[in-house]
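Trainee: everything below, folded, please.
(one chain, ligands or ions: 2)
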Amino acid sequence: NLTINKIAAGEVVEGPQSVVKELIENAIDAGATSIIVEIKEGGQKFIRVTDNGGGIHEEDVETAFMRHATSKIQYLEDLNVTLTLGFRGEALASIAAVSQIQMVTKPKEQLHGISLDIVAGNVTNKKQVGAPDGTTIIVKNLFFNTPARLKFMKTPQSDTTKIGEIMSRLALSQPHIAFKYINNNNVMFTTSGTNRLDQTILSILDKALFKSLIAMRAAKKGIELDGYISQPSYVRGNRNYEIVFVNGRYVKSKFLYRSIEEAYREKLPINKFPVCILNLKIDPSLVDINVHPTKTEIKFHDEEILYEVIYDSITSALSKNTL
Ligand code: ADP
Ligand code: MG
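Mentor: Numbers count the residues shown, from 1 in each chain. Ligands and ions are numbered 1, 2, ... in the order given. Okay, here's the model as predicted:
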């Protein structure tokens, strides 16, 4: 089983960035209102995620690290109606197989916390400890026992960049959660958790960009849109700032990018892209999300309506706000 976990880790754990993503998504699923993420050396040596969510009960602590152990799937009648971010139950098992983990967790109802150490998938220590409500997971020395993966590790800088992108997206997708992101002892950003997308954007992106943003809000035919776009004068050389969330989940979709960019049509120079942060709420039964751990693909049952909502929102926002 440890071997299977190690193989699965090849699929789930692409690098430190996917560890960060999985740990944060677990914290979000656990109902945390505060999430602190600290990394060192691009996360290769050290990742710590601290949340104030529901914690894990003493009797479930080891199970959480078993493959296909998930406490979430029983609530899903249809896998398409994915309300929690995780449900496959393989992230913790896969991460644990290729790293050294220390976890401390305490549910509110339990008087003591549990501290658990795992090395390459084997529990090496478990004890009761005093702890605040919530969960802290430290992942050290990723891939230390898989030399082949270690060899292909990217530079810490490149992993730091990827983690920064994931941190921004997750924080933007959850404006009601207060995030703090620390890289090599420097606080990179903190968000207020006051559920205001504009404040969250301001905490994460630069001020000049923030000033160029135009707010949009629309509700039509079962689709709710809430977001910000930049004036056409504020463009980027790539799509990294076309950030779309569907029901709180970051997604990549050529269709969505096309809907956004066509609304800008003549206004954008060639090979330039707008900044656009869109929060879409769509009846979950009208979307298919491929939740392969490393992918974020999505299909919409009715693209036409969605195109219309996005296109109309952007064109009317632009016409009101550009001279
Ligand atoms: P999944 O998220 O797909 O269920 P994971 O391997 O990521 O699978 O996590 C396994 C289980 O461990 C979760 O279903 C959850 O019950 C528990 N768990 C993991 N992280 C946390 C956390 N930060 N707070 C509370 N429970 C957690
Ligand atoms: Mg998970």
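Trainee: what's around Ile127, how many residues?
Mentor: That one is not Ile; residue 127 is Lys. Other residues within reach of Lys127, judged by other C-beta atoms under 10 Å, total 10. In this view, the C-beta of every residue, glycine as well, is placed from N, C-alpha and C.
Trainee: could you number the chain from 249 rather than 1 from now on?
Mentor: Got it, the first residue is 249 from now on, which makes the last one we talked about Lys375.
Trainee: in which helix or strand would I find it?
Mentor: strand 370-377 (DSSP states H and E).
Trainee: and the next helix or strand past that strand?
Mentor: Using DSSP H and E, the helix or strand that directly follows strand 370-377 along the chain is strand 382-388.
Trainee: near ligand 1 at all, that following strand?
Mentor: Yes: applying C-beta under 6 Å from any ligand atom, one finds strand 382-388 touching ligand 1 at Thr383.
Trainee: what's that strand packed up against?
Mentor: Applying 3 or more C-beta pairs under 8 Å, 6 or more residues apart in numbering; DSSP states H and E, we find strand 382-388 packed against helix 264-277, strand 294-299, strand 348-354.
Trainee: format those as CSV; extra columns: mean neighbour count, mean pLDDT and distance to Pro480.
Mentor: Listed next are the helices and strands packed on strand 382-388 as CSV, based on neighbours: other C-beta atoms under 10 Å; pLDDT from 0 to 100; distance: least, C-beta to C-beta, whole Å:
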stretch, mean neighbour count, mean pLDDT, distance to Pro480
helix 264-277, 24, 95, 31
strand 294-299, 22, 98, 38
strand 348-354, 21, 98, 47
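Trainee: and of those, who's closest to His549?
Mentor: Within these, the stretch nearest His549 is helix 264-277; the backing value is 24.8 Å (C-beta to C-beta).
Trainee: can I get the closest one as CSV, trimmed to CA atoms?
Mentor: The C-alpha trace of helix 264-277 is given here as CSV (Å, rounded to 0.1, in the frame of the first residue of the first chain):
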residue,chain,number,x,y,z
PRO,A,264,5.5,21.8,-3.7
GLN,A,265,2.7,23.9,-5.3
SER,A,266,0.3,21.0,-5.4
VAL,A,267,1.0,20.2,-1.7
VAL,A,268,0.2,23.8,-0.9
LYS,A,269,-3.0,23.6,-3.0
GLU,A,270,-4.2,20.4,-1.5
LEU,A,271,-3.5,21.5,2.1
ILE,A,272,-5.3,24.8,1.6
GLU,A,273,-8.3,23.1,0.0
ASN,A,274,-8.5,20.8,3.0
ALA,A,275,-8.5,23.8,5.3
ILE,A,276,-11.2,25.5,3.2
ASP,A,277,-13.3,22.3,3.3
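Trainee: just checking, what packs against that helix?
Mentor: strand 282-288, strand 294-299, helix 339-345, strand 382-388, helix 404-421.
Trainee: please see if it touches ligand 1.
Mentor: Yes: counting by C-beta under 6 Å from any ligand atom, contacts between helix 264-277 and ligand 1 involve Glu270, Asn274, Ala275, Asp277.
Trainee: and which of those is nearest Asp407?
Mentor: Among the residues of helix 264-277 next to ligand 1, and counting by C-beta to C-beta, the member closest to Asp407 is Glu270, at 14.8 Å.
Trainee: so the closest one touches Ser347, yeah?
Mentor: No: using C-beta atoms under 8 Å, Glu270 is not in contact with Ser347; the gap is 11.9 Å.
Trainee: look up how far Gly337 lies from Thr311.
Mentor: Thr311 sits 9 Å away from Gly337, going by C-beta to C-beta, to the nearest Å.
Trainee: more neighbours, those two?
Mentor: Gly337 (18 against 14).
Trainee: tell me the pLDDT at that one?
Mentor: On pLDDT, Gly337 comes in at 74.
Trainee: cool, Lys254 as well?
Mentor: The model's pLDDT for Lys254 equals 66.
Trainee: tell me which helix or strand Thr442 sits in.
Mentor: With DSSP H and E as the test, Thr442 turns up in no helix or strand.
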